[in-house]
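J.: Predicted model, plus sequence, below.
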Amino acid sequence: MHDIVIVGGGPGGYASALYAHNFGLSVALIDDERPGGTCLIRGCIPAKQWLHVAEVFTTVAHAAEFGVITEHPNLDWDAALARKNQTVEGLVRGLGGLLKKKGVEIITGFGRLAGPGKVEVESEGEKQTVEGGAVILATGSHARSIPGYDFDGVKVVSSDHALDWPKRPDRVAIIGGGVIGCEFASFLVDVGAEVHVFEVLDQIIPGSDAEAAKQLQRQLQKRGVKFHIGVRVDAPKVGETVVVPFGAESVEVDVILVSVGRGPNTEGVGLDTVSAELDGGFVEVDLNTMQTAQPGLYAVGDIVAGTPQLAHVGFAEGIAAVTHIATGETRPVNYQAVPRVTYTHPEVAEVGLTEGQAAEQGLEVDVARHAFNGIGRAIIIGENQGFAKVISEKDGAIVGATVVGPHAGELIHELMYSVGWEALPDEAAAFIHAHPTLSEAVGETLLSAAGRSLH
Ligand SMILES: Cc1cc2nc3c(=O)[nH]c(=O)nc-3n(C[C@H](O)[C@H](O)[C@H](O)COP(=O)(O)OP(=O)(O)OC[C@H]3O[C@@H](n4cnc5c(N)ncnc54)[C@H](O)[C@@H]3O)c2cc1C
């Protein structure tokens, strides 16, 4: 009998397991693979490694603009793939070591709830039952597809397959212009592929600030990505090549990458043996505690209904669940201040409300923005496109922010504090930013939000 049994060793599950150590709780962590989950093995980490390959390639390709003369770069795909695998392996091994060091019992096998407090684990035909005072379900998510676009792993693929392509595809159609689709588009176009992005809605990275999405689209378009926005694709014709029809038109490519969202892994995990409630397959929880309708059963990460499918949200939900199990205290996640980053080139980062969401909620807001084109550091590094934007309630606190541009994913964090602490623009603008840094774009925006400006 363990204090906590966790099913799923991705960010939600492994963060729960690691955090339980703070309270001296005994933990069993069940995963049918090595712990790491989507994020470490086929998500955040490998995707960002490929994006970094593209960044290095682009830096070398543009070196002459800085007076550094090199030969035009060639991409050794095998070496880049090996680097990706090495990064994943290093992190997965490191995590395994850390879990062991903290005394977590790792059980390899498929876990299925078998009533309150019980998990049946199946591995190579053998079954065992593991019992816990509390159970945390963290089984994560899988790539979804659309009718006619069944994954075959070769011509019609998901991000799982694309991260392991044995060579660079020459022509790719990406169905879905969300975060994952745009990250692949950015990487692929930078390493020389022909890329088409199809998005059924009227903007890419739906849900993001419309102006930031346009800026990203413009910059990707300039580098060669062909966007088909507001377009619904028909079933593809798969042969030697693949044809994607849309309306009276079509494009011919070598491979289709479908990135239309991720569904919860809640089928076949025994949720019918407990009294938890589902919404469209996602698990409903009390967001104060992460507890389901079944006392002692918690859910965290991508399977939770209505919370963002992000690794760091999984971490935070794991912490909230374990805190409740260990102490009975409620320490809910502050979903309002979760940073959301699209790691394209340029990056798009947001926290709190976008300008559009503030309008939808009927808030009266002021919007301050400052472009990167006057920021010394941005000019030095040759990345002076984009802007920072701060949204504050009229005569009130900062409620949201967007940064699109160089290192936006890092810059957003100081704005995270402003949103999380409900800072007034004047309070946030009182701090000084080092010169010359990219952060000055944020400092200048905050100054404008406070009704003043410098440059
Ligand atoms: C291409 C891509 C890029 C991404 N990039 C980012 C990013 O940059 N930043 C970010 O924040 N998020 C990113 N994400 C999302 C992120 O990966 C997920 O939000 C995160 O992994 C969810 O964590 P989780 O613990 O809920 O589930 P998962 O990471 O999906 O882990 C679930 C684990 O449970 C195991 N499992 C499932 N069912 C069972 C069972 N019945 N028994 C035993 N084990 C089981 C699975 O094998 C898996 O190991 C990306 C996702 C993808 C696909």
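T.: Here it is on my side, so go on.
J.: hey, where'd the strands end up in the stretch 1-150 of the chain?
T.: 2-7, 27-31, 105-108, 110-113, 118-123, 126-137, 141-143 (DSSP state E, counting those that start in this stretch).
J.: Of the ones you listed, which is nearest residue 187?
T.: Nearest to residue 187, of all the strands of the stretch 1-150 of the chain, is strand 141-143, at 17.1 Å by C-beta to C-beta. In this view, the C-beta of every residue, glycine as well, is placed from N, C-alpha and C.
J.: Output the set of residues of the protein in proximity to the ligand.
T.: Counting by C-beta under 6 Å from any ligand atom, the residues of the chain close to the ligand are 7-13, 30-33, 37-39, 43-44, 47-48, 110-111, 138-141, 159, 180, 265, 269, 301-302, 309-312, 314, 343.
J.: Can you select the buried ones from these in PyMOL?
T.: Command for PyMOL, covering only those of the residues of the chain next to the ligand found buried under the criterion 16 or more other C-beta atoms under 10 Å:
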select buried, resi 7+8+9+10+11+12+13+30+31+32+37+38+39+43+44+47+48+110+111+138+139+140+141+159+180+265+269+301+302+309+310+311+312+314+343
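J.: returning to what we had before: could the strands of the stretch 1-150 of the chain be laid out in CSV, adding mean pLDDT?
T.: Below are those laid out as CSV (pLDDT from 0 to 100):
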stretch, mean pLDDT
strand 2-7, 98
strand 27-31, 98
strand 105-108, 97
strand 110-113, 98
strand 118-123, 96
strand 126-137, 97
strand 141-143, 98
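J.: can I get those strands in CSV with distance to residue 254?
T.: Converted to CSV, these look like this (distance: least, C-beta to C-beta, whole Å):
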stretch, distance to residue 254
strand 2-7, 38
strand 27-31, 34
strand 105-108, 37
strand 110-113, 35
strand 118-123, 38
strand 126-137, 39
strand 141-143, 19
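J.: Quick check: closest non-adjacent residue to residue 13.
T.: In space, and not counting its chain neighbours, residue 13 is closest to residue 138: 3.5 Å by C-beta to C-beta, 6 or more residues apart in numbering.
J.: My understanding was that the one you found contacts residue 10; is that so?
T.: Yes: the criterion here is C-beta atoms under 8 Å, and residue 138 meets it with residue 10 at 6.2 Å.
J.: Give me the common contacts of those two.
T.: Residues touching both residue 138 and residue 10 (C-beta atoms under 8 Å, 6 or more residues apart in numbering): 301, 314.
J.: which residues does whichever residue of the stretch 201-350 of the chain sits closest to the ligand contact?
T.: Across the stretch 201-350 of the chain, the shortest distance to the ligand (C-beta to the nearest ligand atom) belongs to residue 301, at 2.1 Å. Residue 301 makes contact with 8, 10, 11, 12, 13, 138, 140, 309, 313, 314, 317, 318 under the criterion C-beta under 8 Å, 6+ apart.
J.: Model confidence at the third one, what's the number?
T.: Meaning residue 11. Looking at residue 11, its pLDDT is 98.
J.: isn't it right up against residue 317?
T.: No: the pair residue 11 / residue 317 is not scored as a contact, 9.2 Å apart, by C-beta under 8 Å.
J.: before we move on, back to that, so for the residue of the stretch 201-350 of the chain closest to the ligand, what pLDDT did the model give?
T.: On the pLDDT scale, residue 301 gets 98.
J.: which non-adjacent residue is nearest it?
T.: residue 12 (2.7 Å).
J.: what comes up buried for the longest helix anywhere in the chain?
T.: Secondary structure of the chain per DSSP state H: the longest helix is helix 77-101. Residues 80, 81, 84, 87, 88, 91, 92, 95, 96, 99 are the ones in helix 77-101 that count as buried (16+ other C-beta under 10 Å).
J.: okay but the second one is in contact with residue 164, surely?
T.: It refers to residue 81. Yes: counting by C-beta under 8 Å, residue 164 is a contact partner of residue 81 at 7.3 Å.
J.: Return the list of helices and strands in contact with the longest helix of the chain.
T.: helix 11-20, helix 37-42, helix 44-61, strand 105-108 (3 or more C-beta pairs under 8 Å, 6 or more residues apart in numbering; DSSP states H and E).
J.: what angle separates that helix from helix 11-20?
T.: Relative orientation of helix 77-101 and helix 11-20, computed by axes from the mean of the first three to the mean of the last three C-alpha atoms, to 10 degrees: 40 degrees.
J.: Quick one: mean pLDDT over helix 77-101.
T.: Computed over helix 77-101, the average pLDDT equals 98.
J.: tilt between it and helix 44-61?
T.: Computed with the same axes, to 10 degrees, the direction of helix 77-101 lies at 140 degrees from that of helix 44-61.
J.: what about the stretch 101-250 of the chain, any weak spots by pLDDT?
T.: Counting by pLDDT under 70, the stretch 101-250 of the chain shows no low-confidence range.
J.: OK, now which residue of it is nearest to the ligand?
T.: For the stretch 101-250 of the chain, C-beta to the nearest ligand atom, closest residue to the ligand: residue 140, 2.0 Å.
J.: I figured that residue hits residue 37, correct?
T.: Yes: under the contact definition of C-beta under 8 Å, residue 140 touches residue 37, with a separation of 5.7 Å.
J.: Please identify the helix or strand for the residue in the stretch 351-455 of the chain that the ligand sits nearest to.
T.: Nearest residue of the stretch 351-455 of the chain to the ligand, counting by C-beta to the nearest ligand atom: residue 409, 8.7 Å away. Assigned by DSSP states H and E, residue 409 belongs to helix 408-420.
J.: Great, nothing more from me.
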